[in-house]
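Q: Just the structure for this:
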Amino acid sequence: MHDYRKEVQQLLDVMGDSEQELTLGAKAIQLILQMAAKGNLAQGIEEKQASVTPEVKEDEEEGPQARPEVESDLKSKLVAKDEKEPRPLVQEVEPMVDRPTDVSKEKAKIDRTSQTLQTLLSEKGDSQALDNWVQKDPKIFERLFDMVMVYKVSTRRIGFKAYNKNNKELRFRETIRNQFNPKNGDAILVSNAHTESPRITKLIRRPAESYYPNTVTFDRGVVEVNADNELIVKRNVSGKKLRVDGELFEYKLPAQAYNIHDGSIVRLRWYANSHGERQNEDISLAWVYPERQEKVTTPAPKKEKGPKPQYQPTIEFDLEGRTVGIVVGRELYRDKYEAIIEAHNGKMLMVDAFYHRRDPENYFSRRLSEADYVVMVQNQNKHNTSYALAKIKDQFQGFAVAKNLTGIQVEQAIYRAVKGLPAFVAG
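A: Coordinates of the predicted model:
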């Protein structure tokens with residue numbers, strides 16, 4: 001008889017204790033026992049076959065057609081019965097496949113954001129793309145601090161401190177604060193942070209709506225002497241009175257204040273959060289403006305100016321005393337362009353096109369406010385100069401572009417500006 005104990009034991013080892021598993025397990029054990037009984041019956045048939053005459057055995061070896069009908073019928077019945085018997089249900093286990101989940105998608109998005117931020121931070125100078133991104137999506141600003149070289153600014157009464165994600169602290173003097181003018185909560189990119197001279201390479205402004213200033217500054221205060229011969233500050237150079245927490249305040253400079261006297265200009269600062277009535281020591285002397293030194297030098301003999309250059313006009317038009325603004329890098333050829341404009345009865349206003357500050361649009365609008373017409377020399381300007389002038393050109397009576405520095409190109413550009421012709425002529 002077939003030893004079925006091994007199969008039963010294996011089934012018991014893997015079978016759970018739930019009602020469904022117990023039911024299926026019982027059916028599986030019954031099937032094993034039935035199969036064992038069939039194996040016993042088949043064994044009896046084989047023993048009966050052994051007693052068949054040698055002639056029959058020889059026929060049997062020739063092929064299945066020579067087998068006795070009893071054996072064939074019995075086996076076919078067993079097979080049919082076996083097919084009808086219920087078999088134990090086996091749960092198919094799907095192969096493990098890495099499929100994208102919400103968590104993995106979010107992690108991939110975070111990784112892409114970090115790579116983009118690192119790329120923008122690695123750019124030299126100011127990054128307008130990064131500034132725009134931060135102002136548009138405040139969450140991006142907080143992601144900056146995931147990088148160890150980015151520090152968050154914490155302003156103090158004098159200078160400021162900065163901390164990175166590892167809580168490493170850096171301290172900066174008021175001179176550095178003057179240079180970068182960081183606000184509380186801004187981000188700074190720092191190099192050489194491990195040395196005694198860390199260097200700020202980039203300032204990223206915090207989103208405007210999330211600022212939380214923790215200090216108050218009273219700038220350009222005027223030092224005076226009171227009746228007790230003490231140095232005090234109670235107003236600034238504009239006459240604005242010193243107020244602390246809304247109350248008038250008279251700040252007495254400490255006796256150890258160095259190189260300060262009546263008339264000195266200073267900066268005061270205190271923490272915004274008050275803790276009871278303010279005392280003089282709650283306010284710090286943050287900065288003393290250097291005094292302008294009057295240089296006494298022997299005047300150099302004046303050079304005799306040669307005759308002013310004259311210009312023979314190539315086009316007839318009259319400026320009628322109006323002002324022409326010439327925007328050109330390094331204010332080149334001032335005398336030549338002035339001669340061209342004067343030859344047409346006008347006045348010149350020259351502005352350097354190589355402007356490097358943050359807001360060129362406002363700068364050129366202010367510098368050219370007296371100009372009636374404006375001409376920009378194309379090959380002697382910066383891209384942001386062209387962009388700024390294109391935005392403010394409607395504030396002038398006329399605007400044109402000269403392709404190069406030659407006098408005739410500038411003269412023709414002035415003519416187009418006066419006559420309202422196209423600003424630029426190709427060719």
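Q: contacts and neighbour counts: CA atoms only from here.
A: Noted.
Q: For this protein, just list every one of the helices.
A: Here the chain has its helices, by DSSP state H, at 5-14, 19-50, 54-62, 69-84, 102-122, 128-136, 138-143, 174-180, 334-343, 360-367, 383-392, 407-419.
Q: and these, which one's lowest on average pLDDT?
A: With a mean of 42, helix 54-62 has the lowest mean pLDDT of the helices of the chain.
Q: domain ranges for this protein?
A: Following automatic domain parsing, one finds the domains of the chain at 5-84, 103-210, 215-288, 323-419.
Q: Now tabulate these in CSV and tack on distance to residue 316.
A: Listed next are the domains of the chain as CSV, based on distance: least, C-alpha to C-alpha, whole Å:
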stretch, distance to residue 316
domain 5-84, 106
domain 103-210, 45
domain 215-288, 51
domain 323-419, 8
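Q: ok, residue 374 - how many residues close by?
A: 26 (other C-alpha atoms under 10 Å).
Q: now do residue 180
A: That count, for residue 180 with other C-alpha under 10 Å as the rule, works out to 13.
Q: Settle this for me: it is touching residue 203, isn't it.
A: Yes: under the criterion of C-alpha atoms under 8 Å, residue 180 lies in contact with residue 203, with a separation of 7.5 Å.
Q: ok, the residue nearest in space to the middle of the chain to residue 146 distance?
A: Centroid-nearest residue in the chain: residue 130, 4.2 Å away (criterion: C-alpha atoms, centre = their mean). Counting by C-alpha to C-alpha, to the nearest Å, the separation of residue 130 from residue 146 is 16 Å.
Q: Over to residue 159?
A: 24 Å.
Q: Same question for residue 340.
A: 59 Å.
Q: and those two? which has more neighbours close in?
A: Higher neighbour count among residue 340 and residue 146: residue 340, with 24 against 14, using other C-alpha under 10 Å.
Q: Would you mind measuring from that one to residue 414?
A: Separation of residue 340 from residue 414 (C-alpha to C-alpha) stands at 10 Å.
Q: Residue 159 now?
A: On the measure of C-alpha to C-alpha, residue 159 and residue 414 end up 50 Å apart.
Q: Same question for residue 212.
A: Residue 212 is 50 Å from residue 414, by C-alpha to C-alpha.
Q: More neighbours: these two, which one.
A: Just comparing residue 212 and residue 414: by other C-alpha under 10 Å the higher neighbour count belongs to residue 414, 30 against 11.
Q: pretty sure that one contacts residue 397?
A: No: with contact defined as C-alpha under 8 Å, residue 414 does not count as touching residue 397 (11.4 Å).
Q: Pull up the overlap in contacts between these two.
A: Each of residue 373 lies in contact with both residue 414 and residue 397 under the rule C-alpha atoms under 8 Å, 6 or more residues apart in numbering.
Q: and stretch 363-376, how far from the chain's centre?
A: Relative to its parent chain, stretch 363-376 has a centroid offset of 34 Å by C-alpha atoms, centre = their mean, to the nearest Å.
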